[in-house]
Structure formats: structure tokens, C-alpha cells
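**Student:** pasting the sequence and the predicted model now:
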Amino acid sequence: MSATANILSRLQSLGFRRLANAYLNLPPATLVEAAVCRKEGVLTDTGALMADTGQFTGRSPKDRFIVRDENTANSLWWGDINIPFEADKFDQLHQKMVAYLEDKELYVREGYVGAHPASQLKLRIVNELAWHNLFCYNMFLRPEEGADTSWAADFSIICAPGFEADPAVDGTRQKNFAIINFTKKLILIGGTGYAGEMKKGIFGVLNYLLPHEQDTLPMHCSANIGSHGDTAIFFGLSGTGKTTLSTDPNRHLVGDDEHGWLPGQGGIFNFEGGCYAKVIDLSQEKEPEIWNAIKFGSIVENTRFAPGTRTVDYANKSVTENTRTAYPIDYIPNIAVPSIGPVPTNIFFLTADATGVLPPLSKLDKSHAMYHFLSGYTAKVAGTEMGVVEPQTTFSACFGAVFLPLHPTKYAEMLGRQLDEHPVNVWLVNTGWSGGGYGVGSRMKLSYTRALITAALTGQLDDVKFRPHPVFGVQVPGAVPGIPTELLDPRRTWADKEAYDRAANQLATKFITNFEKYAAAANEEILAGAPVVAQAVEVKVEAPVLMAA
């Protein structure tokens, strides 16, 4: 069988009846060469491939759909996030995309997601662009060399940035689209060159399948393991520091963005085989692991060179603030092999609080943990979505509502069961503002955030006295080694204490208002974690006090 015939046989289930020219599972060097020859990108002085994503430099959530049919009609959380799409319109688009691609040079990639053998999803991806195929090589798990991948895929992606829908005919909102069909096990992506649509499309699939089929909690989080085998996971939206804070030279990285938590003693596992990190203002001094990972085989998106050089100017945001790099996880020197860890010892909820109200670190009991998990408060950071140019207060359930096909309370209840079964410390970390809100206060220093997390991870807070925040009820530590005492109580960092009180009450009101849409489905234990709108008073910060054994 010829190479083309072999590839065609693998794509027939996706509707392909002929191929002009197609390549299967090309190695990175060949894909880089193809991308450069096809003028899809250029090489930087470190050997990384620089590529642009075109009009769309981030996800377009309003153009992401899920096919509504008899299998999904009653199981999905339909609304502004999971927008229903007609099955016959999907079939129509599918046929048109295949007809468009059959005359093109195609790049086919076979891989999988799910580092744990019990939770693997086999993938087949058809790409119009060589650099997109390299992105898939980097981001998804790679079969061992020589492995037979002529499998019946558990899910497939057809990604054609050059194909644009006709909204009046095809049922889309715009020319671009990303549509998941759970019945046909297929994702269609067209009209956008943003590679992250492929990665997040599969994440959405896992968020639907794993709770149903394995009672496994899918999580939008990063994870690492300490020298004593202690696992830490970091929840947060893009821009809150998941990748940066989990990439720690003293700990082994499990993964930077997507994980599953198995029931019982199964522990956690990475979904992916790579990292997709923001690089705006990246420096070798602050983030050496990411800096050194940007080499041949890596991709940098929407970046620009310093004038007259091939050196990337990471401060340049002329295209977008959502400049990114995609590289295989083994480009990071201290990774966990395989990408699996035991039951977490510490959980961190990362929030970029643009109001400057929340403490830089606080401890949560189960009720507050479930409430804050379900709330998913942060600020959308510039560049992660189209139209966002400065931080905007937002609530994203489970720190990733846009990826949740099921009702958010389903995931919060799963987290609650894990907390019942395992002694886990849960922390809320504000990587946002202090001393005032956005435009008045200042962004929390990365060095302080790292020190706070290190103190929690290493047990330095085990014997420290905590005080409840008067509005949010979270427990604020009296002292943390290496951190100015006044920084721990956010009210003390504000020049106008009454302004802080007003801001705290306003933020608490926003929490309560946001939670109204979940209240009917939330149990009493979750509801007990809500803030109390009242006039705030200063949280007294005291020296460390040993607690009784």
C-alpha cells in the first residue's frame, strides 16, 4: 500500500475519499522545514519556529459550539458557554470542509491524551498547516517510536484555518468556528489560525467524558511533585500564573494546564504532552525553565523580533498580549516521568484580583474551597480572549467554565468528595493587585507569590496562627517567612482604609450575585462558604503562634 493510500485508509471514517498530498506523523524537523518553506513561519535565533495565528490571537468563545442531538440534549449545561449547534448543519460543514481539504497538502497526526493508562483517549488530527501539526506534536502525548497508530481514534480533529463558513448557510455566528460533536467523536475548526482551539477542544471533550465514564475529575490546573512525593495542583485561568508557578526548579513538573484526578487512591495525571505558556515580558532571570525551553522544535506565536535581529522581543505586544510558546514537556529539565502523581497534598486557587481586596494567601476549609472553586473568581487578563485589553472582573466556574460541558456543581461536588477522602490543604492565592485596585495599587511581586507558595508547600505555615477575613471568611496567616507582615492583610496596604472596606463589600456582593445561578443546585456545605457583606475591619496580623498538638 502506498503512503497516500495508507493515510487515506485512516481518514475514510472522517469522510475523505481522495487525497492530493498528505503526510503522516512527520517528525518535528520535517514539519519545521515544511512550515518555513511554505512561509508559515520563520526561525528565531534559538531555533524556535515563529508563527502568526492571523486575525484570531486567542480563543473565540462565542464561536464555539456543541452539537445538540439525542445523546447530548439532556446531559449538557446549555447556554452562553455550551452553545447548541444543529446536527444537520454540522454534517453540512463537515462535507464542505472535506471537499475543501481534499485538494490541499495535509498533515495528519496521531497521538493521545491522558498519561494514566486507564484514561487515555486516542486522537487523529488533520491539519491544513504544517506548524499546526507541529503544535499537536508538542501538545498532545506522543506514542512510542514504532508504535502502531492505525487505530480507530476515540476522537478526531479537522482543522482548516483557510476554510471559512457562510453564517447564513452554515448556522455559525461568524466565518470562524469550533464545533464539538460527541456522537460523531469529531471536532471541526475553521476560519481561525489560533492553535489553542485544538488543545482546548479536546479538553472540553475530556471534561464531558471523564466524569461520566470514570468518576474522574477533570481540572484546569497545573501540577508538580516535591522531593518527598507531595503533589501540588494549581487552578487558575490563563494569566494567573499556573505555568509560571508550577514550573519550579525544586519540584518535578507533572503538567502546566490540564489534569485528571482519579477516584480513591488513583492520584492525578496530566492530559497533555507539552506546555503552552504565555511569553509576554518573558525573561531568562524570572522564568529560566520556560526561557530555555524555547529552542528548535518549539513554537512562538504572534511574537516579533528586535529590529535588525532574529531575537524575539518578548516585551513587544504589537500583535497581542497573548503571545505564547508551545513546547514538549520534556524540554523542561525536571519533569515527572511518567506525568502522574499521587493524591494532592496542597491545592492552590490562583486569582488575579483586580480589586486588590483578597489577601495574597489564605487557607480554605472544605466549604470555602467548594464555594471558591464553583465561583472561579479572577480577572480576565489582556489578550487571552478577543476584545480584552485590560483586566476585567470575571467569575469562571471551576476556574474554567468555558471548558465545562456539564453543570459546574457536578465538578464542585466531585472536588468535595475528594476533600472528604483525603487530607488536602486548600489555599487561595492572589497574584493580582495590592494597595488598591487596578490602576491604583501594584501587581503582586512574583517573588512574594513564590515565597508564599513555598511556605505552604514546605510546612512553614503548619504552626502559624490564622485569623478569618471579616468579609470572605478565609483564614489569613499571621506571618510568613520573607513576606512583609503588612502585605498579608490587604486592608493595611491601602492608604484609604474606608475605600478598602467599600471595595471588599462590593466584591463580596459580586460573588453573591454571581452565585445565584448555582444556588438552587448547591448543597448547604457549599453555600456556607459564601462571603458576608458587612463593614470590614482590619485583620490583625500577629507573629507566628504555635498551635497545640
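**Tutor:** Looks like it came in fine.
**Student:** show me where the stretch 201-350 of the chain has strands.
**Tutor:** For the stretch 201-350 of the chain, strands defined by DSSP state E, counting those that start in this stretch occupy the ranges 217-225, 231-235, 252-255, 258-261, 268-270, 274-278, 299-301, 324-328, 340-341, 344-351.
**Student:** out of these, which comes closest to Arg502?
**Tutor:** Of all the strands of the stretch 201-350 of the chain, strand 344-351 sits nearest to Arg502, with 19.8 Å by CB to CB. Quick note: C-beta positions are derived from backbone N, CA and C, even for glycine.
**Student:** ok, and what's touching the helix or strand following the closest one?
**Tutor:** Using DSSP states H and E, the helix or strand that follows strand 344-351 towards the C-terminus is strand 361-364. The contact list for strand 361-364, computed with CB atoms under 8 Å, 6 or more residues apart in numbering, reads 349, 372, 425-430, 452-453, 455-456, 461, 466, 469, 472, 474-477, 480, 488, 529.
**Student:** turn the strands of the stretch 201-350 of the chain into TSV, including distance to Thr244.
**Tutor:** As requested, the strands of the stretch 201-350 of the chain are exported to TSV (distance: least, CB to CB, whole Å):
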stretch	distance to Thr244
strand 217-225	9
strand 231-235	10
strand 252-255	12
strand 258-261	16
strand 268-270	17
strand 274-278	8
strand 299-301	17
strand 324-328	12
strand 340-341	19
strand 344-351	10
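**Student:** narrow the contacts of strand 361-364 to those in helices?
**Tutor:** His372, Leu452, Ile453, Ala455, Ala456, Leu488 (DSSP state H).
**Student:** in CSV: the strands of the stretch 201-350 of the chain, plus distance to Ala168 and mean neighbour count.
**Tutor:** Listed next are the strands of the stretch 201-350 of the chain as CSV, based on distance: least, CB to CB, whole Å; neighbours: other CB atoms under 10 Å:
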stretch, distance to Ala168, mean neighbour count
strand 217-225, 35, 27
strand 231-235, 40, 26
strand 252-255, 42, 25
strand 258-261, 36, 28
strand 268-270, 42, 26
strand 274-278, 34, 25
strand 299-301, 31, 26
strand 324-328, 33, 25
strand 340-341, 48, 24
strand 344-351, 41, 24
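**Student:** follow-up on the earlier one: so which of the ones in helices among the contacts of strand 361-364 comes closest to Arg109?
**Tutor:** Ile453 (35.5 Å).
**Student:** confirm for me that the closest one is in contact with Thr244.
**Tutor:** No. Using CB atoms under 8 Å, Ile453 is not in contact with Thr244; the gap is 10.8 Å.
**Student:** per-residue pLDDT, Lys242?
**Tutor:** pLDDT, Lys242: 81.
**Student:** again but with Val381, I slipped
**Tutor:** Val381 is given a pLDDT of 56.
**Student:** make 43 the starting number, not 1.
**Tutor:** In the new numbering, first residue 43, that becomes Val423.
**Student:** measure Leu251 to Met261 for me?
**Tutor:** Between Leu251 and Met261 the distance is 14 Å, computed by CB to CB, to the nearest Å.
**Student:** next: Cys317.
**Tutor:** From Cys317 to Met261 the distance is 16 Å (CB to CB).
**Student:** poorly predicted segments of the chain, please.
**Tutor:** The model of the chain has pLDDT under 70 over residues 43, 280, 422-433, 576-591.
**Student:** which helix of it spans the most residues?
**Tutor:** Per DSSP H, the chain has its longest helix at helix 539-561.
**Student:** which strands or helices does the helix or strand just after it pack on?
**Tutor:** Counting by DSSP H and E, the next helix or strand C-terminal to helix 539-561 is helix 566-569. Applying 3 or more CB pairs under 8 Å, 6 or more residues apart in numbering; DSSP states H and E, we find helix 566-569 packed against helix 408-417, helix 450-463.
**Student:** hmm, 7 Å instead?
**Tutor:** helix 408-417 (3 or more CB pairs under 7 Å, 6 or more residues apart in numbering; DSSP states H and E).
**Student:** any buried residues in the helix it packs on, and which?
**Tutor:** Judged by neighbour count using 16 or more other CB atoms under 10 Å, the buried positions of helix 408-417 are Lys408, Ser409, His410, Ala411, Met412, Tyr413, His414, Phe415, Leu416, Ser417.
**Student:** shouldn't Ala378 be in contact with His294?
**Tutor:** Yes. Between Ala378 and His294 there is a contact under CB atoms under 7 Å: 4.3 Å.
**Student:** any common contacting residues for these two?
**Tutor:** Ile267 (CB atoms under 7 Å, 6 or more residues apart in numbering).
**Student:** quick one on the thing from earlier: ranking by neighbours, what's the top pick from the ones in helices among the contacts of strand 403-406?
**Tutor:** Leu494 (28 neighbours; other CB atoms under 10 Å).
**Student:** which residue sits closest to that residue, ignoring its sequence neighbours?
**Tutor:** Leaving aside its chain neighbours, Leu494 sits nearest to Leu403 (4.3 Å; criterion: CB to CB, 6 or more residues apart in numbering).
**Student:** out of the buried residues of helix 408-417, the closest to Ile199 would be?
**Tutor:** Out of those, the member with the shortest distance to Ile199 (by CB to CB) is Phe415, at 29.2 Å.
**Student:** neighbouring contacts of the longest helix of the chain?
**Tutor:** Residues contacting helix 539-561 (CB under 7 Å, 6+ apart): 397-399, 416-417, 419, 435, 437, 450-451, 479, 513-514, 532-533, 536, 569, 572-575, 577-578.
**Student:** okay, buried residues for stretch 277-296 please.
**Tutor:** Neighbour-count burial for stretch 277-296 [16+ other CB under 10 Å]: 277-290, 293-296.
**Student:** still on that earlier bit, with distance to Phe445 added, can I get the buried residues of helix 408-417 in TSV?
**Tutor:** What follows is the buried residues of helix 408-417, written out as TSV (distance: CB to CB, whole Å):
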residue	distance to Phe445
Lys408	24
Ser409	25
His410	23
Ala411	20
Met412	19
Tyr413	20
His414	18
Phe415	14
Leu416	15
Ser417	16
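**Student:** tell me the one of those residues nearest Lys138?
**Tutor:** Closest to Lys138 out of the buried residues of helix 408-417 is Leu416 (39.8 Å), distances taken as CB to CB.
**Student:** now the closest one: how far from Lys131?
**Tutor:** Distance, Leu416 to Lys131, using CB to CB: 33 Å.
**Student:** could you do Leu279 as well?
**Tutor:** 30 Å.
**Student:** then Glu331?
**Tutor:** Glu331 is 44 Å from Lys131, by CB to CB.
**Student:** and the residue nearest to Leu494, bridged to which residues?
**Tutor:** Applying DSSP bridges to Leu403 gives these bridge partners: Val471.
**Student:** and for it, the neighbour number?
**Tutor:** 26.
**Student:** same check on Leu66?
**Tutor:** Counted with other CB under 10 Å, residues neighbouring Leu66 total 17.
**Student:** and it, its phi and psi?
**Tutor:** Backbone torsions of Leu66, given as degrees, to the nearest 10, read phi -110, psi 120.
**Student:** okay, and the beta partners of it?
**Tutor:** Here Leu66, judged by DSSP bridges, has bridge partners Val150.
**Student:** can you list contacts of stretch 438-456?
**Tutor:** 103, 108, 118-119, 123-124, 242, 245-246, 249-250, 253, 259, 262, 277-279, 391, 412, 415-416, 418, 420, 560, 563-564, 568.
**Student:** please repeat the previous calculation with a cut-off of 8 Å.
**Tutor:** Taking CB under 8 Å, 6+ apart as the rule, stretch 438-456 contacts 101, 103, 106, 108, 117-119, 123-124, 242, 245-246, 249-250, 253, 257, 259-263, 277-279, 391-392, 412, 415-418, 420, 437, 560, 563-565, 568.
**Student:** can you give me the end-to-end span of it?
**Tutor:** The straight-line separation of the ends of stretch 438-456 (CA to CA, to the nearest Å) is 17 Å.
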